[in-house]
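Visitor: sequence and predicted structure, then a few things I'm wondering about:
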Amino acid sequence: MFETVKTTRDCEATEIPSGHKITLPAGTEVRITQVAGNSYTVMSDLGFMASVAGKDADAIGKEPLVSEDSNQAGGTLEEQVEAQLKTCFDPEIPINIVDLGLIYDRKFLDTQGGGRRVEIKMTLTAPGCGMGEWLKQDIEAKLLRLAGIKEVGVELVWDPPWDRSRMSEAAKLQLGMM
């Protein structure tokens, strides 16, 4: 899948794992390493990794991905949150964080002045994984786009430690672990 392309225009991206917004200038050579969760993970010719939003796919010669308007999702607020969590991917693993078994708990609380607060407890596949802050920012941004969600808290926890048994059967199958 590692396709090398050049950006056709200046393109906003998010550096991984720092989460800082950067601009990939027109003509930047990048290697597409993953397409998941409404974004493209790219590796620059300078050796840094970044995420390009699906809406900016044209800048890397691709068709725009599914709309980021998460308010189109039907169902209860809890179902919408679950659907959004399934659009969050570790940039290095092509499985969403729910199917990877990284989400340990979800709580929905009322906020003063209306709206809901979602509290998420999650872990990473390894304590040394540098993607924690990146994933927290991705989760927060996606959940805050939902109508009715006013606050999001994401806490990284290490107990119990993650292991493969937490993965869904579909994730195990996709990674060839069955």
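Guide: Happy to help now that I have it.

Visitor: which sections of this protein are below the confidence cut-off?
Guide: Across the chain, residues meeting the criterion (pLDDT under 70) sit at 1, 66-73.

Visitor: in it, where's the longest helix?
Guide: Counting by DSSP state H, the longest helix found in the chain is helix 132-144.

Visitor: may I see the buried residues of stretch 155-166?
Guide: By neighbour count on 16 or more other C-beta atoms under 10 Å, the buried set for stretch 155-166 is Leu156, Trp162, Arg166. Backbone N, C-alpha and C define where each C-beta goes, glycine included.

Visitor: which residues does the closest residue in space to Thr33 that isn't next to it in sequence bridge with?
Guide: Counting by C-beta to C-beta, 6 or more residues apart in numbering, Thr33 lies nearest to Thr41, which is 5.0 Å off, once chain neighbours are set aside. Beta-bridge partners recorded for Thr41 (DSSP bridges): Gln34, Ser51.

Visitor: ok so, going back, among the buried residues of stretch 155-166, which one sits closest to Gly115?
Guide: Using C-beta to C-beta, Leu156 comes nearest to Gly115 of the buried residues of stretch 155-166, at 24.2 Å.
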